[in-house]
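Peer 1: Sequence and predicted structure, then a few things I'm wondering about:
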Amino acid sequence: MARVDVKKTYKLYIGGKFPRSESGRSYEVYAARKGEFLANAAQGSRKDARDAVTAARAAQPAWAGATAYNRGQVLYRVAEVMEARRPQLVQEVRDAEGLTAAAAEAVVSQAIDRWVWYAGWSDKYVQILGGLNPVAGPYFNISASEPTGVVAVLAPQESSLLGLVSVIAPVIVSGNAVVVVTSADRPLPAITLAECLATSDVPGGVVNIITGKASEIAPWLASHRDVNAIDLAGAAGADGVDWGALEEASAENLKRVLRPAGTGADAVEPDWTATPDLSRLTAFLETKTVWHPKGR
Amino acid sequence: MPKFEYAPAPESRAVVDLQSSYGLFINGEFVDGSGASFKSISPATEEVLAEVSVASDADVDAAVKAARTAYTRVWSRMSGADRGKYLYRIARILQERAREFAVLESLDNGKPIKESRDVDIPLAAAHFFYNAGWADKLGYAALPGGANPQPHGVVGQIIPWNFPMLMLSWKIAPALATGNTVVLKPAETTPLTALLFAEVCQQADLPPGVVNIVTGAGPTGQAIVDHPGIDKLAFTGSTGVGKMIARAISGTRKKATLELGGKAANIVFDDAPIDQAVEGIVRGIFFNQGHVCCAGSRLLVQETIAEEVESRLKRRLETLRVGDPLDKNTDVGAINSKAQLDRIIALTDVGEAEGAERWDNGCELPSKGFWFRPTVFTGVSQTHRIAQEEVFGPVLSVLTFRTPQEAVAKANNTPYGLSAGIWTEKGSRILWMADQLKAGVVWANTFNQFDPTSPFGGYKESGYGREGGRHGLEPYVKGTH
């Protein structure tokens, strides 16, 4: 007789822990192709989002204060752990996105490679983006990038792992902390990614992952005064989400807003297999310029 | 301490040839506005300087269309090298006519001639000169778009009254260098140097429509913000209006740079060179009558030296010369408008009512115009409104601290994040503090320094985007946020 396997309970990831939603709710997640039941995912709430922001705010200064070399190694470690969990990630991406085994393998490979790409930027982008400014006077003057703080991210609805990695890695590599609302219908790879993060020396609270409906959770993040920036990528194809309204709510404390791709009011999910540039990283940076006189 | 008596040393007004009325500058020509007009006065004397048109929605539309045509037919097709040469021409003409601009700026704005002459106008020319050189080198600037960064198209720019020409240069120079065309609205109380700049554009043979200048108040600005033909906005002004703009463009593809308010901490440690620090405190808050978004309006002084710093500061403030902006010996000029004076009076009254101790230098003030004595509040706590809200006037709030950690906590305890100052002889402490402070510009052992190569802009509710330097080009090319 075949062994009865042990199924995983998919929970949230907040402050380095895996709680259920405080609301006690869950929702059924189905496979994309044949619609078979996969799991009950936690249905995150407003309170979960607020807890996640609190955890992110608490974790952010130490993460930003770590050396860039250290952040780079920690993020590289995430790729190592993802590689070790490849079969599980491939299966979940197959189920979530209805891909063939070969296609899912390719997606997971690219997701791992993308972590490696962003990890390597940790101690380089500051040199690319800043430097000494030759002011017309006897002053030392230098500009350097700093993380903006706590960033809310609406993860893509379609690309459950590659898209997810592509929106988390560029935010945290610079020292931001992030609160992610996952794809509503395809949340399971995100929780497995959370398990990779939890075992990769990424400090608890640097990445917080909430499964559920963006239409329910995103407005609270957009209007939250202790969130510094918001990435609206996942508004594309999200039921009941009006990215313009989220951007409007974000103006209350002048959050930096990364709009979804598309033209006009439309939001489209970009092709995540395309080679990235630095724009998702620079969207969540501040430039600080320091002056000091020169003299004998 | 005896005050030195100075004979009056007025700069001549003869260099300025004021017209009695001005139209709008659209498509390379001055045209009559279709709306009403308003008067621009000298805040030092309340004398009417000129009548200026209020640009209506139709006027703004005409300006945007002129800018679009110029963008499509001329400016976007021109080589970067040629765009740069126009900007070099403008820089040179500004240098040639610098005194004229300085006098007009001081007349219209109320700032001391020594500031308009030595800071505002030379820096404005320098911004054009600096950005001129970028126009054919954008591929080297590590911008989105790599070797071939693309402009947005038509940019709407709305500037404040505190540094009229300097803010104009911060806005127009990088926009034109990157290949955009502009519609700019100067502030309603200080439109005259922008209109004189229109003449400079004519002298430089700048193609018609590349720069359009529309005058007016809030509704004119709103017409620019809402116009569907505008691709990007750049605004310097209050955080309140900045938020309105952010809301107005939400859900569209219009971009925005926002340079907004501030409540900067100027932090003085007990090992600081006190005399230099006092000069820096004065420069930080009394430069330009304190009408400076990055002004060092909160003095955080280490408890052990608080008394000494306060007494030396007050002694220094008693020597400040407040009065005629055109007098070459004037240190502090006129408050820019009656409305701003009323705001300063209201907030300082609240400061007193909330229990802070008020002191001013007791100087005589002219009988006409808008004036406010250099004022210091001591015994201020974090919760006082004068410690939280931007006064935008010659008013300093003094708070104390014991440890560097406390100084950082107090300095960052504000929704703003534009600038900060640090005074200490200890290098490692400067660098540690600079890392901790949530501010876009940190001045260590100096304050209120500006340069075209140096990026300027805020954290948090002081806005987003940078102006100046390589960073200042980024908001004007596609692929930015």
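Peer 2: Everything's here; your move.
Peer 1: residues touching B:Gly323, list them.
Peer 2: By C-beta atoms under 8 Å, 6 or more residues apart in numbering or on different chains, the contact set of B:Gly323 is B:330, B:333, B:365-366. (Glycine included, C-beta is placed from N, CA and C.)
Peer 1: whoops, I mixed them up, B:Val182
Peer 2: B:67, B:154-157, B:171-172, B:175-176, B:210-212.
Peer 1: Sort out for me which of those are in helices.
Peer 2: For the contacts of B:Val182, membership in helices holds for B:67, B:171-172, B:175-176, with DSSP state H as the criterion.
Peer 1: Which two of those residues have the greatest separation?
Peer 2: Greatest spacing in the ones in helices among the contacts of B:Val182, by C-beta to C-beta: B:Ala67 and B:Lys171 (13.5 Å).
Peer 1: would you turn the contacts of B:Val182 into JSON lines with pLDDT?
Peer 2: Output for those, formatted as JSON lines (pLDDT from 0 to 100):
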{"residue": "B:Ala67", "pLDDT": "98"}
{"residue": "B:Val154", "pLDDT": "98"}
{"residue": "B:Val155", "pLDDT": "98"}
{"residue": "B:Gly156", "pLDDT": "98"}
{"residue": "B:Gln157", "pLDDT": "98"}
{"residue": "B:Lys171", "pLDDT": "98"}
{"residue": "B:Ile172", "pLDDT": "98"}
{"residue": "B:Ala175", "pLDDT": "98"}
{"residue": "B:Leu176", "pLDDT": "98"}
{"residue": "B:Val210", "pLDDT": "98"}
{"residue": "B:Val211", "pLDDT": "98"}
{"residue": "B:Asn212", "pLDDT": "98"}
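Peer 1: Keep these, but drop any that are not near chain A.
Peer 2: Among these, proximity to chain A is found for none (C-beta under 8 Å from any C-beta of the partner chain).
Peer 1: what's the closest of the residues you listed to B:Glu115?
Peer 2: When those are compared against B:Glu115 (criterion: C-beta to C-beta), the nearest one is B:Lys171, at 19.8 Å.
Peer 1: Number of residues surrounding whichever residue of the stretch 151-300 of chain B sits closest to chain A?
Peer 2: Proximity of the stretch 151-300 of chain B to chain A (C-beta to the nearest C-beta) peaks at B:Gly251, 2.0 Å away. Residues near B:Gly251, counting by other C-beta atoms under 10 Å in any protein chain shown, number 18.
Peer 1: need the next SSE after the strand or helix carrying B:Asp82, C-terminal direction.
Peer 2: For B:Asp82, the element it lies in under DSSP states H and E is helix B:80-96. Next helix or strand after helix B:80-96 toward the C-terminus (DSSP H and E): helix B:98-109.
Peer 1: From the contact counts, what lies against the helix or strand following that next one?
Peer 2: Proceeding N to C from helix B:98-109, the next assigned helix or strand is helix B:113-115, under DSSP H and E. Applying 3 or more C-beta pairs under 8 Å, 6 or more residues apart in numbering or on different chains; DSSP states H and E, we find helix B:113-115 packed against helix B:98-109.
Peer 1: Restricting to C-alpha, output the helix it packs on in PDB.
Peer 2: Taking C-alpha atoms only, helix B:98-109 is exported to PDB below (Å, rounded to 0.1, in the frame of the first residue of the first chain):
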ATOM      1  CA  ALA B  98      23.400  89.400 -14.100                       C
ATOM      2  CA  ARG B  99      23.100  92.700 -12.300                       C
ATOM      3  CA  GLU B 100      19.800  93.500 -14.000                       C
ATOM      4  CA  PHE B 101      18.400  90.200 -12.900                       C
ATOM      5  CA  ALA B 102      19.700  90.600  -9.400                       C
ATOM      6  CA  VAL B 103      18.100  94.000  -9.000                       C
ATOM      7  CA  LEU B 104      14.800  92.900 -10.400                       C
ATOM      8  CA  GLU B 105      14.900  89.800  -8.200                       C
ATOM      9  CA  SER B 106      15.400  91.800  -5.100                       C
ATOM     10  CA  LEU B 107      12.700  94.300  -6.100                       C
ATOM     11  CA  ASP B 108      10.100  91.700  -6.800                       C
ATOM     12  CA  ASN B 109      11.000  89.200  -4.100                       C
END
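Peer 1: Following the record's annotation, map out the domains of chain B.
Peer 2: B:21-260+B:460-476, B:265-444 (automatic domain parsing).
Peer 1: any idea which helix or strand carries residue 143?
Peer 2: You didn't pick a chain, so chain A it is. strand A:139-147.
Peer 1: try chain B instead
Peer 2: Going by DSSP H and E, B:Leu143 is not in any helix or strand.
Peer 1: Roughly how far does it sit from chain A?
Peer 2: 10 Å (C-beta to the nearest C-beta, to the nearest Å).
Peer 1: Show the contacting residues for that residue.
Peer 2: B:149, B:473-474, B:477, B:479 are the contacts of B:Leu143 under C-beta under 8 Å, 6+ apart.
Peer 1: which among those residues gets closest to chain A?
Peer 2: B:Gly479 (6.0 Å).
Peer 1: So which residue is smack in the middle of chain B?
Peer 2: B:Phe163 (4.3 Å; C-alpha atoms, centre = their mean).
Peer 1: Which element, helix or strand, includes B:His121?
Peer 2: You called it His, but residue B:121 is Ile. Counting by DSSP H and E, B:Ile121 is part of helix B:121-134.
Peer 1: Oops, could you answer that again for B:Ile267 instead?
Peer 2: Applying DSSP H and E, one finds B:Ile267 within strand B:265-268.
Peer 1: thinking again about what came up before, show me which pair in the contacts of B:Gly323 is furthest apart.
Peer 2: Going by C-beta to C-beta, the pair spanning these furthest: B:Thr330 and B:Leu365, at 12.4 Å.
Peer 1: So how do I select the buried members of the contacts of B:Gly323 in ChimeraX?
Peer 2: Here is the ChimeraX command that selects the buried residues among the contacts of B:Gly323 (16 or more other C-beta atoms under 10 Å in any protein chain shown):
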select /B:330,333
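Peer 1: among the contacts of B:Gly323, which are in reach of chain A?
Peer 2: Counting by C-beta under 8 Å from any C-beta, no member of the contacts of B:Gly323 reaches chain A.
Peer 1: Centre of the chain to the host helix or strand of B:Ile281, how far?
Peer 2: Per DSSP H and E: B:Ile281 is located in helix B:274-286. Using C-alpha atoms, centre = their mean, to the nearest Å, the mean C-alpha position of helix B:274-286 is found 20 Å from that of the whole chain.
Peer 1: can I get the ones in helices among the contacts of B:Val182 in CSV with distance to B:Gln95?
Peer 2: CSV is the format used below for the ones in helices among the contacts of B:Val182 (distance: C-beta to C-beta, whole Å):
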residue, distance to B:Gln95
B:Ala67, 26
B:Lys171, 19
B:Ile172, 16
B:Ala175, 21
B:Leu176, 18
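Peer 1: With neighbour count as added columns, please give those residues in a markdown table.
Peer 2: Shown next, in a markdown table, are the ones in helices among the contacts of B:Val182 (neighbours: other C-beta atoms under 10 Å in any protein chain shown):
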| residue | neighbour count |
| --- | --- |
| B:Ala67 | 29 |
| B:Lys171 | 25 |
| B:Ile172 | 29 |
| B:Ala175 | 27 |
| B:Leu176 | 27 |
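Peer 1: for those, which one is nearest B:Arg402?
Peer 2: B:Lys171 (42.5 Å).
Peer 1: surely that closest one meets B:Gln157?
Peer 2: Yes - if you go by C-beta atoms under 8 Å, B:Lys171 and B:Gln157 touch, sitting 4.2 Å apart.
Peer 1: Quick check: phi and psi at whatever residue of the stretch 51-200 of chain A ends up closest to chain B.
Peer 2: Proximity of the stretch 51-200 of chain A to chain B (C-beta to the nearest C-beta) peaks at A:Val135, 3.8 Å away. Main-chain torsions, A:Val135, degrees, to the nearest 10: phi -70, psi 160.
Peer 1: Ok, A:Asn40 next?
Peer 2: Dihedral angles (degrees, to the nearest 10) for A:Asn40: phi -100, psi 120.
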